[in-house]
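# Predicted model, plus sequence, below.
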Amino acid sequence: MLHSKKIHIVAASFVLAALGFLFGFWPLSIAGILLAALMGRWVTAILLGLLIDIAYGTPVGRLHFLFFPFTLLALLGTIARQLKLRYFRKPPVDHL
């Protein structure tokens, strides 16, 4: 059962990222990458980020110095999840 949930998360994040690329609406790609990163599928998030970065290429304009913005977003989402788990999770309560 747990394994099928992981497959659904990976599939949903890939579908969102692919739809964002196909329709030219990059916020959908960001949503797919963040879904994978925040649900703990960090390898999938980084691979999706690299794939979308290769497809879109280097940004132009003010963000021209970011060569891999979607991969950076995947890394930041993964770090945010780890920080949330470490600092904002309630400690286990022991009952007598």
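Everything's here; your move. Numbers count the residues shown, from 1 in each chain.

# three-state assignment of Phe65?
In terms of secondary structure, Phe65 is coil; the call rests on DSSP: H, G, I helix; E, B strand; the rest coil.

# what's the neighbour count on it?
Neighbour count of Phe65, defined by other Cβ atoms under 10 Å: 8. C-beta: built from backbone N, CA, C; applies to glycine.

# how close does it sit to Pro27?
21 Å (Cβ to Cβ, to the nearest Å).

# for Leu16, same thing?
Here Leu16 is placed at a distance of 10 Å from Pro27 (Cβ to Cβ).

# Could you point out which residue ranges in the chain have low pLDDT?
Low-confidence segments of the chain (pLDDT under 70): 1-4, 96.

# quick one, helices of it?
2-22, 26-38, 42-56, 69-87 (DSSP state H).

# winner for burial among the ones you listed?
helix 26-38 (a mean of 21; mean count of other Cβ atoms under 10 Å).

# can you list the helices of the chain in a markdown table and add distance to His95?
As requested, the helices of the chain are arranged in a markdown table below (distance: least, Cβ to Cβ, whole Å):
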| stretch | distance to His95 |
| --- | --- |
| helix 2-22 | 26 |
| helix 26-38 | 31 |
| helix 42-56 | 34 |
| helix 69-87 | 23 |
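
# closest one to Asp94 among those?
In this view, these are compared for proximity to Asp94 by Cβ to Cβ, and helix 69-87 is the closest at 20.1 Å.

# just how off-centre is the closest one within its chain?
The gap between the average C-alpha position of helix 69-87 and the chain average comes to 8 Å, counting by Cα atoms, centre = their mean, to the nearest Å.

# got the angle for that helix vs helix 2-22?
150 degrees (axes from the mean of the first three to the mean of the last three Cα atoms, to 10 degrees).

# for helix 69-87, packing partners?
When contacts are defined as 3 or more Cβ pairs under 8 Å, 6 or more residues apart in numbering; DSSP states H and E, helix 69-87 sits against helix 26-38, helix 42-56.

# And for it, what's in contact with it?
Residues from elsewhere that reach helix 69-87 (Cβ atoms under 8 Å, 6 or more residues apart in numbering): 29-30, 33-34, 36-38, 40, 42, 45-46, 48-50, 52-53, 56, 59, 63, 66.
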